[in-house]
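In: test case, fold it:
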Amino acid sequence: MDSFFEQASRLKRRLQAEQEAGCRNPATDAELEVLRSAWRGMDTGTQSSVRATSEEIAALVSARPPESDPPQIREPAQPERFDPEPPSNGSGPEGRPSTPVRTEHAPSRTPGHGTTGDEAEAVLALKGLDRIQEHEPRQLRPFEGAPDPEQLLVHMGYDTFRPGQSEAVAAALGGADCLVVMPTGGGKSLCYQLPGLAGPDLTIVVSPLIALMADQVRRLRREGHPAVMFASGLPDEISAASREAVLDGSARLAYCSPERFGSSAFMELIATRRVDLLAIDEAHCVSEWGHDFRPDYLRLPRVADRLGRPPVMACTATATPQVAREIISRMGMGAAVEVHSGFDRPNLSFDTVLFEGEGSKSRKAALLEAGLAEDSNRPAIVYCGTRRDTEEVADQLRSAGISAVAYHAGMAPDDRASAQVRFMDDDVEVVAATNAFGMGIDKADVRSVWHWAIPSSVEAYYQEAGRAGRDGKPARAVLLAMRSDLGRLVRFNQRRKVEPDRVIAFVDSVRRGADGDGSAVINAPREEAERALLAVAERAGLLSFDPAPGGQLMVQVADGYDPGTLTAACRVAEDRGWQAYRAVESFTFSDRCRRRQLLEHFGDESDPKPNGRCCDVCDPDDTLPDPGTIPVRRRAPSSRKRAQAEAPALSSEDEALFERLREWRLAAADGRPAFQVASNRTLAAIAAARPVDEGALLAIPGVGPAFMEKYSAEVLRIV
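Out: Below you'll find the predicted structure:
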């Protein structure tokens, strides 16, 4: 029996690591089969005694990433049986119709190469876990003074508080719940770090952004502050040291993702300490109406109760007044101290450039090139609405002589990690990305953020624009807008319109896959339309739900419902969608101050006080060319088209060269992760193109100035 539980624990860690990596590990299949065989050999009574563990494994197995590139359907979790076979075609256990599922695509791979050690290293880098051991403290220096905000500030090495920080720290030290609403870069982390370090008890910090947590823990430990972190993918010795620090009382700050609370072992661990503060970062994730709903956040109210209801600090940068009220309600923070430091970013200027008529897209690209050719606007992020746009925009910028990379979730992990590292290390100055880039990435010197198209909401726009100028120096946000963008948003709203019959059909599909007691485990919704169905069904009383292992949801279907309540909930959902549309349309096309509109949207009534330029309405910028007269450069075919025309696949000779380049890369990395030298995709492009000089090598996507300076001679010699 003990052997079974040890194997199960090891397998759960593997499955959780697979989920976060987004790709499957063949070693997990072998370990899964061993455990299946052990389970099949048990008698009924023994199987019953390990049921809870087997249900956890079953849920994680059914949520595994797909094995190959074609779209695959993930089956819902099957908690009543442990022996999950490969997914069937549309049926749940015992031939029942399956509950709602989600279709996903696996990350792209270099042809002929599956998941590798390079990719495993890249996954850790994308989460910020590759450097977690870099800054182990020479000696811990816990705070031992009076719990005073000013003394704690000095202990952390700061001179003054930013607006709102002192009030939030004082509220936590006084034992009060607190809602902290601060703009991106406003210093939310200090609000919970200072009270967390004030005494010997444990402060738990919950965040969905693993890279951000890893960065904060590194900084804290580098300065000798007793902070630990719990996350899938951490080296075993780090996890063991974190656990020991909690048990022996030396840890005062423990960072974790909300998924950790689904682990009984983790709950038992933190129950050994008195928790004096539960800090929830990105607290808007608790709202299924919000733009970044995370089902595992729904377990946090019960977590607070199980911990003895310590003070709760909920922090967010993008909560409208409506979402802020929902955070307070969901978390049971009836008498919460509300700290609103203001949403203004005085060092940012906001520009909207409109394009109309024939050739709008070409003129938009030309203006983006002209803007990014200015040294003062780099480093820069260009947010694109689709993966295809990120590739095309990055290629167009490179053809204009601007060093740029693409970044989106469809890229292989080592490609994404390579792009991220190159941008963070200033080897390239521009990243064209979907909204998959930026969450938890702390690059303070981004000078401009550009939006290639109108975003879906003002919240999404402001969150992304706020990644510019986090160092407090002048920076800008530029929205490149066309009227046709509105058609895309209208179609999006029409597709996600929630009718009562759709909600009933959704609930019926859950009921068909449910147990006799009306409960079923389904994949958590990722798309806005799916979230709306779930939210309406809950608010109309058709079902209730709780988080389940593997990021899923345990849904309980109700016996009946009130048609009038359902109709009203559908109307609310539809109104919210169009409210978001009208808000972003007004922001884009009105002639009112952009900054004033942003502040009003988030309920901030303070007067705008920019440090420099305000916006294109109040202070037009003559450094950007007139979009109606800007000259358009004739463009070369995109790299994707060139790749299709010149190197559709690697020949056997190219494969041999590719392998030689990989061997060289391993030696050049000298112990570092291989993707920091070059990604597999870049090496494959070199093998296919076989450049004969530095100019040809530099033209290959993924090759930048730093690569040329360090490696060009060696690579050209190998080629």
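
In: tally of neighbours for the closest residue to Ala380 other than its chain neighbours?
Out: Nearest in space to Ala380, with sequence neighbours left out and distances taken as CB to CB, 6 or more residues apart in numbering, is Ser448 at 4.5 Å. C-beta coordinates here come from the backbone N, C-alpha and C atoms, glycine included. Neighbours of Ser448 under the rule other CB atoms under 10 Å: 25.

In: please report phi then psi for Ser448.
Out: With angles defined as degrees, to the nearest 10, Ser448 sits at phi -150, psi 150.

In: OK, contacts around it?
Out: The neighbours of Ser448, taking CB atoms under 8 Å, 6 or more residues apart in numbering as the test, are 371-372, 377-378, 380-381, 468, 475-478.

In: equivalent analysis for Asp693, please.
Out: Counting by CB under 8 Å, 6+ apart, Asp693 touches Leu716.

In: give me the distance between it and Val228.
Out: Noted for Asp693: a distance of 51 Å to Val228, by CB to CB, to the nearest Å.

In: Cys256 now?
Out: Taken as CB to CB, the spacing of Cys256 relative to Val228 amounts to 9 Å.

In: what does Val617 give?
Out: 48 Å.

In: Glu6 too?
Out: When distance is defined by CB to CB, Glu6 is 24 Å away from Val228.

In: pick out whichever of the two has more residues nearby.
Out: It is Val228, of Glu6 and Val228, that has more neighbours when counted by other CB under 10 Å, with 23 against 10.

In: the more buried one sits in which helix or strand?
Out: Counting by DSSP states H and E, the secondary-structure element that holds Val228 is strand 227-230.

In: for that strand, buried residues please.
Out: Burial within strand 227-230, assessed by neighbour count using 16 or more other CB atoms under 10 Å, is assigned to 227-230.

In: surely Gly513 is in contact with Ala520?
Out: Yes: A contact is recorded between Gly513 and Ala520 when judged using CB atoms under 8 Å, the distance being 4.9 Å.

In: so between these two, which is more surrounded?
Out: In terms of neighbours (other CB under 10 Å), Ala520 is the more surrounded of Gly513 and Ala520; the figures are 30 against 23.

In: narrow the contacts of Ser448 to those in helices?
Out: In helices, defined here by DSSP state H, the members of the contacts of Ser448 are 371-372.

In: stretch 693-708: which residues count as buried?
Out: Of the residues in stretch 693-708, those scored as buried under the neighbour-count criterion (16+ other CB under 10 Å) are 697-698, 700-704, 707.

In: tally of neighbours for Arg387?
Out: 18.

In: what about the residue lying closest to it once chain neighbours are set aside, neighbour count?
Out: For Arg387, ignoring the flanking residues on the chain, the nearest one in space by CB to CB, 6+ apart is His408 at 4.2 Å. His408 has 22 neighbours, counted by other CB under 10 Å.

In: so His408 touches Ala433, yeah?
Out: Yes: under the criterion of CB under 8 Å, His408 makes contact with Ala433 at 6.5 Å.

In: what do those two both touch?
Out: Residues touching both His408 and Ala433 (CB under 8 Å, 6+ apart) are Thr390.

In: quick one: end-to-end length of stretch 197-205, please.
Out: Between the opening and closing residues of stretch 197-205 we find a distance of 12 Å, counting by CA to CA, to the nearest Å.

In: and the longest helix belonging to the chain, what other elements does it pack with?
Out: For the chain, the helix reaching the highest residue count under DSSP H is reported as helix 563-589. Packed against helix 563-589, as judged by 3 or more CB pairs under 8 Å, 6 or more residues apart in numbering; DSSP states H and E, are the following elements: strand 348-355, helix 458-465, strand 475-482, helix 484-495, helix 500-512, helix 528-539, helix 594-601.

In: counting neighbours, which bits of the second one end up buried?
Out: So that's helix 458-465. Residues 458-465 are the ones in helix 458-465 that count as buried (16+ other CB under 10 Å).

In: how about the nearest residue to Asp517 once chain neighbours are set aside, phi and psi?
Out: Computed as CB to CB, 6+ apart, the closest residue to Asp517 that is not its neighbour in sequence is Gln556, at 8.0 Å. The phi and psi torsions at Gln556 (degrees, to the nearest 10) take the values phi -110, psi 120.

In: so Gln556 sits against Ser544, correct?
Out: Yes: in terms of CB under 8 Å, Gln556 counts as a neighbour of Ser544; the distance is 4.9 Å.

In: what's stretch 358-368 in contact with?
Out: 353, 355, 382, 393, 396-397, 450, 452, 480, 482, 484, 624-625, 627-628, 630-633, 635.

In: so Gln151 touches Gly145, yeah?
Out: Yes: using CB under 8 Å, Gln151 is in contact with Gly145, at 4.8 Å.

In: ok, these two, which is more surrounded?
Out: More neighbours sit around Gln151 than around the other of Gln151 and Gly145, counting by other CB under 10 Å; the figures are 14 against 10.
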